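Engineer: Here is my input, please return the structure:
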Amino acid sequence: MNTLVENYFIEGCGRCTLAATPDCKVHTWKQELQLLQNIVLQCGLTETCKWGVPCYTYKNKNVLNISAFKNFCSIGFFKGVLLADVKKHLVKPGENSRAVRLFKFTNLEDIKAIETDIKTYIFEAIEVEKAGLKIEFKKNTEPIPEELETKFEDDPVFKLAFNNLTPGRQRGYILYFSQPKQVKTRLSRIEKCTALILNGMGLHDSYKQRKK
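Structural biologist: Okay, here's the model as predicted:
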């Protein structure tokens, strides 16, 4: 096992305040994540660790990752929108997600029930990379600040967590990040809210926490 990935199963991704504590979301889904890891490795992908989570590549091209969230664990395909999804297993992380598609799981039995399908999807994702297929993005008409878009591009795990927020929470953050005129201030706000977003919390939730 990759040492960084092994550490992920012990301490989590290390990106929020729950890291290395019993409350870390990785511990909630540890058995499920390890089963997913085993399935993925059987498909011949290279295991590494990016953005704090197990990431699997084909010839240094990102194919998928496995992640733990509050209510589920997942396999996330970076170019999931290009997969045929014949069995209709995949879901969008959020309304605005344009590329990533997920398998979502909440127990071992659900994973075992479709293990063959999971492998079929993984092999298809590998073929997408072999073919060099690209995703053509349409210009985003949503009022998302450029700094937040850059954060999404640099940090897929953060993007996934943001897309899993309710539409109201997403809008609250977008408005908050867009307000300052200075780039430095917008970047600072995004960084200060990163842990909250990774924990599935909204901006107003943070105010409630401060009052406690």
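
Engineer: Please settle this for me: is Arg169 part of a helix?
Structural biologist: Yes: under DSSP: H, G, I helix; E, B strand; the rest coil, Arg169 falls within a helix.

Engineer: Surely it is in contact with Asn199?
Structural biologist: No: Arg169 is beyond contact range of Asn199, at 11.5 Å (criterion: CB atoms under 8 Å). Backbone N, C-alpha and C define where each C-beta goes, glycine included.

Engineer: quick one: the longest strand seen in the chain to chain centroid distance?
Structural biologist: If you go by DSSP state E, the chain has its longest strand at strand 61-68. Strand 61-68 sits 8 Å away from the centroid of its parent chain (CA atoms, centre = their mean, to the nearest Å).

Engineer: just checking, what packs against that strand?
Structural biologist: On a contact count with 3 or more CB pairs under 8 Å, 6 or more residues apart in numbering; DSSP states H and E, strand 61-68 meets helix 25-28, helix 30-41, strand 53-58, strand 73-77, helix 115-130, helix 156-163.

Engineer: so what does the last one touch, helix or strand wise?
Structural biologist: With contacts defined as 3+ CB pairs under 8 Å, 6+ apart, helix 156-163 has these neighbours: strand 61-68, helix 146-154, helix 167-178, helix 183-198.

Engineer: Would you map out the domains in the protein?
Structural biologist: 3-130, 146-211 (automatic domain parsing).

Engineer: So what's the residue count around Asn65?
Structural biologist: By other CB atoms under 10 Å, the residues close to Asn65 number 25.

Engineer: cool, the one 10 residues further on as well?
Structural biologist: Applying other CB under 10 Å, we find 27 other residues in the vicinity of Ile75.

Engineer: how about the closest residue to it other than its chain neighbours, phi and psi?
Structural biologist: Spatially, and ignoring its direct neighbours in sequence, Ile75 is nearest to Phe103 (4.3 Å; CB to CB, 6 or more residues apart in numbering). The phi and psi torsions at Phe103 (degrees, to the nearest 10) take the values phi -90, psi 130.

Engineer: Let me see the contact set for Phe103.
Structural biologist: For Phe103, the contacting residues are Ser74, Ile75, His89, Leu90, Ile118, Tyr121, by CB atoms under 8 Å, 6 or more residues apart in numbering.

Engineer: Looking at those residues, state which has the most neighbours.
Structural biologist: Comparing those on neighbour count, Ile75 comes out first with 27 neighbours (neighbours: other CB under 10 Å).
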